[in-house]
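A.B. asks: Kindly return the folded structure for what I paste below:
(one chain, ligands or ions: 3)
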Amino acid sequence: MSRITLSRFLIEQQRKAGSLPPELRLLIETVGRACKAISFSVNKGALAGVLGDAGSGNVQGEAQKKLDVIANDFLLDANEWGGSLAAMASEEMELPYHIPGEYPKGDYLLLFDPLDGSSNIDVNISVGTIFSILRCPSGVTQPDESAFLQPGTQQVAAGYTVYGPQTMLVLTFGSGVHGFTLDREHGSFVLTHPDMRVPERTNEFAINMSNMRHWDAPVQRYVNELLAGETGPRGRDFNMRWVASMVAEVHRIITRGGVFMYPHDARTPQQPGKLRLMYEGNPMAFIIEQAGGVASNGQQRIMEIVPQKLHERVAVFLGSKEEVERVTSYHQA
Ligand code: AHG
Ligand code: MN
Ligand code: MN
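C.D. replies: Numbers count the residues shown, from 1 in each chain. Ligands and ions are numbered 1, 2, ... in the order given. Coordinates of the predicted model:
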């Protein structure tokens, strides 16, 4: 059988399921196209002069890398003229981006983390792009921040692209998780990982251990039990990985299982966590749940949180069902 490209896959899904409206299909393809452009820039690195700091900061108070800004621009440029969108929002922009007046407006809202794991860019380690698609509330013609403040259960599609040894786009629109590998010679994403599933059981965890002394008691208990290994309460050894790029961690977990945690930290008591709910927590939770895993903030499903702010933060525990359910239960004990 011939290769199934992203375009063909989406058209066939549209015909088969009827659950993928043409406008949404076009939007997903356009995001994919922007990710290709980001992939080529990431790959060129120093040859294209894209490494290093941009010399600016974002609304989160983080120093921007050149590629944070470049990736953000690629996503805006690719998506502003297609007619599918009512507005966009990004980690790198304080306020929603309005579709310029000369272009038609559509029914969807696009949110993204243009470059995730940007501390990895200059050291040549995997980074990624994360995106989430919501419907614009009906009757709203000039969407402001409040139009975006919908729980993750309202997402109509979400995905990420990991720029690693291979560039892969991993996607859900509510009927499983589909993985595509970028074929650079042909310039197209090809379906290589149909129906991705998170293994229920795992011996691998991911957390930034250097923050251990700042975690809440349930997380300390859970990780201490993992560290105790075979002779501890879990009765087996666990392995640890930390890439410092959520996209790369989620991709590993969806491929071979695991649990990823970015818990609350006592140094910033007013913040629920480090990661952002709308364009990191929610899209990854949608993907993980669609792949049979679990995503919680310790108290509830991440996707059921009703957001109060565009750049709101969230504690994240996601991955293999058994482990996420266990660490969540320790929060309830
Ligand atoms: P971003 O580069 O978009 O700001 O996100 C980085 C996030 C996430 O991808 C990763 O899991 C985490 O920050 C890494 O945090 P540490 O610096 O604590 O390792
Ligand atoms: Mn990020
Ligand atoms: Mn980012």
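
A.B. asks: What residue in this structure comes nearest to ligand 2?
C.D. replies: residue 116 (3.5 Å; C-beta to the ion). Bear in mind the C-beta positions are built from the backbone N, C-alpha and C, glycine included.

A.B. asks: my guess is that residue meets residue 281, correct?
C.D. replies: No. Contact between residue 116 and residue 281 fails when scored by C-beta atoms under 8 Å: they sit 11.9 Å apart.

A.B. asks: Which residue lies closest in space to residue 284, excluding its sequence neighbours?
C.D. replies: Spatial nearest neighbour of residue 284, excluding adjacent residues (C-beta to C-beta, 6 or more residues apart in numbering): residue 250 at 5.3 Å.

A.B. asks: give me every residue that touches the one you found.
C.D. replies: Contact analysis of residue 250 by C-beta atoms under 8 Å, 6 or more residues apart in numbering lists 160, 260, 284, 287, 288, 318.

A.B. asks: The last one belongs to a strand, doesn't it?
C.D. replies: Put plainly, it is residue 318. Yes. Counting by DSSP: H, G, I helix; E, B strand; the rest coil, residue 318 is found in a strand.

A.B. asks: Give me the neighbour count for it.
C.D. replies: 29 (other C-beta atoms under 10 Å).

A.B. asks: One more: the third one?
C.D. replies: Each residue near residue 284 was counted by other C-beta under 10 Å, and the total is 32.

A.B. asks: Residue 121 - that's part of a helix, no?
C.D. replies: Yes. Residue 121 sits within a helix when classified using three-state DSSP.

A.B. asks: Help me confirm that it comes into contact with residue 128.
C.D. replies: No. Counting by C-beta under 8 Å, residue 121 does not reach residue 128; the two are 11.1 Å apart.

A.B. asks: Neighbour count: those two, which is higher?
C.D. replies: The neighbour comparison of residue 121 against residue 128 (other C-beta under 10 Å) goes to residue 128, with 31 against 23.

A.B. asks: shouldn't the more buried one be in contact with residue 244?
C.D. replies: No. Counting by C-beta under 8 Å, residue 128 does not reach residue 244; the two are 11.7 Å apart.

A.B. asks: any residues in contact with both of these two?
C.D. replies: residue 117.

A.B. asks: leaving aside the residues next to it on the chain, what's closest to residue 199?
C.D. replies: Nearest one to residue 199, counting by C-beta to C-beta, 6+ apart, is residue 257 at 3.6 Å.

A.B. asks: That neighbour: what's it in contact with?
C.D. replies: 198, 199, 200, 201, 202, 204, 319, 320.
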